[in-house]
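Asker: Predicted model and sequence follow; I will ask about them next.
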Amino acid sequence: MRIQDCHDTDAPLFGEDDDNNRLRRSKIRHPLASFFHLFFRASAIVVYLLCDIFSSRFIVCMVTIILLLSCDFWTVKNVSGRLLVGLRWWNQVDEDGKSHWVFESRKTDNLNLTSSAESRIFWLGLIVCPIFWIIFVFSTIFSFKIKWLAVVIMGLVLQWANLYCYVRCKLGGKSNLRSIAKNYLGVQIFKEAMKKTQDL
């Protein structure tokens, strides 16, 4: 398996501030992509939570949730990631049967910069929803609703896959995520220390 690196990107991760952010418009330029980025994933969560209240048919609820999760996975992977933050990823198999994971990002010299509002929508939706599915996995296990376990695991896997791949794409295909997290934390501690010394 071979992983191709991402190019540098202008899309902010988790809404960090830099000089380029000031140049970006905070306006939402892709309202449909932003809407459907959140709609399918939020709908799957709402249907899961309200299924027992409105319907006693497990199969109907399960199929509805799986369809919503599938639509969400496809939309985030193929549409909203590319339009909202300029990132995309995919897997391809070459003639020798080797699998290649490709992580791409829009080049920084591209004049069509991403909107900071759209970037926040993208990353918040991408991060918050898998947290719900983690909670659902544990609540399903502890409440002994074993029939729902396959559904919540599928929700977690599909949404975690998009989150993981987009973070890899944003930070670089071959980057070690643990070392990046440590470096980011170190930079934040250094900034806080510098602010305190300037206040004195």
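Answerer: Nice, I can see it.

Asker: Please, where are all the strands along the protein?
Answerer: 2-4, 87-93, 99-105 (DSSP state E).

Asker: So which of those has the densest surroundings on average?
Answerer: Greatest average neighbour count among the strands of the chain goes to strand 99-105 (a mean of 18), per mean count of other C-beta atoms under 10 Å. In this view, the C-beta of every residue, glycine as well, is placed from N, C-alpha and C.

Asker: just how off-centre is that strand within its chain?
Answerer: Here strand 99-105 is found 16 Å from its chain centre; the criterion is C-alpha atoms, centre = their mean, to the nearest Å.

Asker: Check which helices and strands it sits against.
Answerer: Helices and strands touching strand 99-105, by 3 or more C-beta pairs under 8 Å, 6 or more residues apart in numbering; DSSP states H and E, are strand 2-4, strand 87-93, helix 149-171.

Asker: Given it, what are its sheet partners and their directions?
Answerer: strand 2-4 (parallel), strand 87-93 (antiparallel) (DSSP bridges).

Asker: if we can go back for a sec, for residue 77, find the nearest of the helices and strands packed on strand 99-105.
Answerer: Set against residue 77 and scored by C-beta to C-beta, those come closest in helix 149-171, at 6.0 Å.

Asker: Just want the angle from the closest one to strand 87-93.
Answerer: 110 degrees (axes from the mean of the first three to the mean of the last three C-alpha atoms, to 10 degrees).

Asker: For helix 149-171, report the contacting residues that lie outside it.
Answerer: Helix 149-171 is contacted by residues 6, 9, 11, 13, 41, 44, 48, 62, 65-66, 69-70, 72-73, 76-77, 81, 85, 87-89, 101, 103-105, 126-127, 129-130, 133-134, 136-137, 140-141, 175, 177, 180 when judged by C-beta atoms under 8 Å, 6 or more residues apart in numbering.

Asker: burial of residue 59, as a residue count?
Answerer: 8 (other C-beta atoms under 10 Å).

Asker: any idea how far residue 151 is from it?
Answerer: Separation of residue 59 from residue 151 (C-beta to C-beta, to the nearest Å): 11 Å.

Asker: ok, now residue 98?
Answerer: Taken as C-beta to C-beta, the span from residue 98 to residue 151 is 33 Å.

Asker: okay, the two: which has more neighbours?
Answerer: Neighbours per residue (other C-beta under 10 Å) separate residue 98 from residue 151, with residue 151 holding more: 23 against 10.

Asker: What pLDDT is listed against that one?
Answerer: On the pLDDT scale, residue 151 is placed at 93.

Asker: For it, give its distance to residue 44.
Answerer: Distance from residue 151 to residue 44, by C-beta to C-beta: 9 Å.

Asker: any residues in contact with both of those two?
Answerer: With C-beta under 8 Å, 6+ apart, residue 151 and residue 44 have common neighbours residue 65.

Asker: picking up where we left off before, what about the contacts of helix 149-171, which are in helices?
Answerer: Using DSSP state H, the members of the contacts of helix 149-171 that fall within helices are 41, 44, 48, 62, 65-66, 69-70, 72-73, 81, 85, 126-127, 129-130, 133-134, 136-137, 140-141, 177, 180.
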